[in-house]
Structures are given as structure tokens and as C-alpha cells.
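Asks: Sequence and predicted structure below; questions after.
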Amino acid sequence: MKKQRSMFQWILIIIGIIAICFVIVFGCIFLFMGGLNKEEIITDTNKYQKVIGVHANNNYKDKWGMSEAIFPESIDEFAVEDFKMVYLDAWDKQYLSYLVVDYSETEYEKEVERLNEYGIEDYIGYYGVTGFTNYKLLAMESDSYQGFVYAITDGNSRIIYVEMIFCNYFMDIKYNEHIPEEYLPDGFDATINNSYKKTRK
């Protein structure tokens, strides 16, 4: 004759089942969050038009309404020194990219003229930015909420194009790990507890 389980034993069994379900559910949530927080990094220049500009694909097509017209439409004919695109969707899509091009004298003059025609939007004060020290600013698209797209030059032959596009007044992308500090505007701070964010809330 089998012994019947006591009420205490049933309670332990139920608690055990609940605990297992809890572990499974929250484990799945953490795995899902881990997937959301995975940065996608592209450095292959052959993929440039797939992630930058009007021909960009999928997640790279619309960057919160920010224009990438400052960036060259194509880089096939240029001497690209460096390129990186970082994409992250941690609840909201965010982008960081930079392109470094060394132009010939003729190409450089032509590109500087194009960028000067684009112009420089007001940007001082956004996210603590005070200007640029290491390079001369040629063109700037800025937004007090979404970030910056700009081009800077060493004054010789090199032009660096940068975009930092995000929302909620901070970047989930750890930008200091991905872009040389000298390419950033002076004073730029888009970390989670930045002072600019506190003034906008």
C-alpha cells in the first residue's frame, strides 16, 4: 500500500514547480535581452552603401530621421583609411559610425566645397559639446535629441565623417570603445548619467 503524500510534501512539490518555471521564464528573458544588447559591428567597406545613405538596408535605412548626406554617397573611388559602423537595438535603435578618407588634392578641394555648401547647424551645448580642437569642422547636422552627423578635416587631405544617432538623451553604445576620442566633439558626453540629459527631463 502506497503512502499518501502529506500536505507539507505537496506544498514543497508546488514550490519546486513554481521555482523551476520562474528560472525558465527569467532565463528566457535574459537570453532575449542579451540578443537585444548585442552590438553589430561592420568594418567591411564593401558594405558601406548597405549601412550608410539612401541605399541602406533594413535596420540601417531610417536613422530616426537624421540625414546622412554629409557622408559620401559612394567610397569606391576613394582611399579609405578606416571605416566602422556600430549598430545596437537595446529597446531603441542606435548608430555610431565613422569614415576616414585621404583625398588627392583635387578631390579634397571638391569635397570641402561640397561640405561647406551643406553648412553647419547649431550644435554648441548639445550633450555638453563646446566645439572641436583637433580638427576643423566642415559640416554638421545636429539634433538636440537625436545626436550628430558631421565632417571634420585635418586641413590637408584627410576628412573624417562621423555619426552618433541615438535617443532618450544617452547612448547605449559604449562609444569610447569604438571611436578614437580625437574624432569626438570637445565636451561630448552621452553616457547614461550625462548632465545634459538631467537638464532636459
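Replies: Alright, I've got the coordinates. Numbering: from 1, shown residues only.
Asks: do you know how far Asp122 is from Ser67?
Replies: 16 Å (Cβ to Cβ, to the nearest Å). Glycine gets a C-beta too; all of them are placed from N, C-alpha and C.
Asks: between the two, who's got more neighbours?
Replies: Ser67 (13 against 9; other Cβ atoms under 10 Å).
Asks: in the chain, what spans have low per-residue confidence?
Replies: Counting by pLDDT under 70, the chain shows low-confidence ranges at 1-14, 16, 19-37, 201.
Asks: give me that answer again for 50
Replies: By pLDDT under 50, the weakly predicted segments of the chain are 1-2, 27-35.
Asks: those strands in it, which residues are they?
Replies: 40-42, 79-90, 92-102, 136-143, 147-153, 158-165 (DSSP state E).
Asks: hey, which of these is tucked in deepest?
Replies: Ranked by mean neighbour count, the strands of the chain are led by strand 147-153 with a mean of 25 (mean count of other Cβ atoms under 10 Å).
Asks: Outline the domain layout of this structure.
Replies: When the chain is parsed with automatic domain parsing, its domains come out as 1-36, 39-200.
Asks: any idea which of the ones you listed is most buried?
Replies: Of the domains of the chain, domain 39-200 is the most buried (mean count of other Cβ under 10 Å), at a mean of 16.
Asks: Figure out the length between the terminal residues of that one.
Replies: 27 Å (Cα to Cα, to the nearest Å).
Asks: any idea how far that domain is from the chain center?
Replies: Here the centre of domain 39-200 is set off from its chain's centre by 9 Å, with Cα atoms, centre = their mean, to the nearest Å.
Asks: Let the chain start at 761 from now.
Replies: Sure, I'll start counting at 761 from here, so that last one is domain 799-960.
Asks: correct me, but Leu875 touches Val909?
Replies: No: counting by Cβ atoms under 8 Å, Leu875 does not reach Val909; the two are 11.5 Å apart.
Asks: which residues are in contact with both of these two?
Replies: Between them, Leu875 and Val909 have Ile830 as joint contacts when contacts are counted by Cβ atoms under 8 Å, 6 or more residues apart in numbering.
Asks: Let me see the contact set for the residue sitting nearest the centre point of the chain.
Replies: The C-alpha lying nearest the average C-alpha coordinate of the chain belongs to Tyr855 (Cα atoms, centre = their mean; 2.4 Å). Taking Cβ under 8 Å, 6+ apart, we find Tyr855 in contact with Tyr820, Lys823, Met845, Val846, Tyr847, Glu923, Met924, Ile925, Phe926, Ile933.
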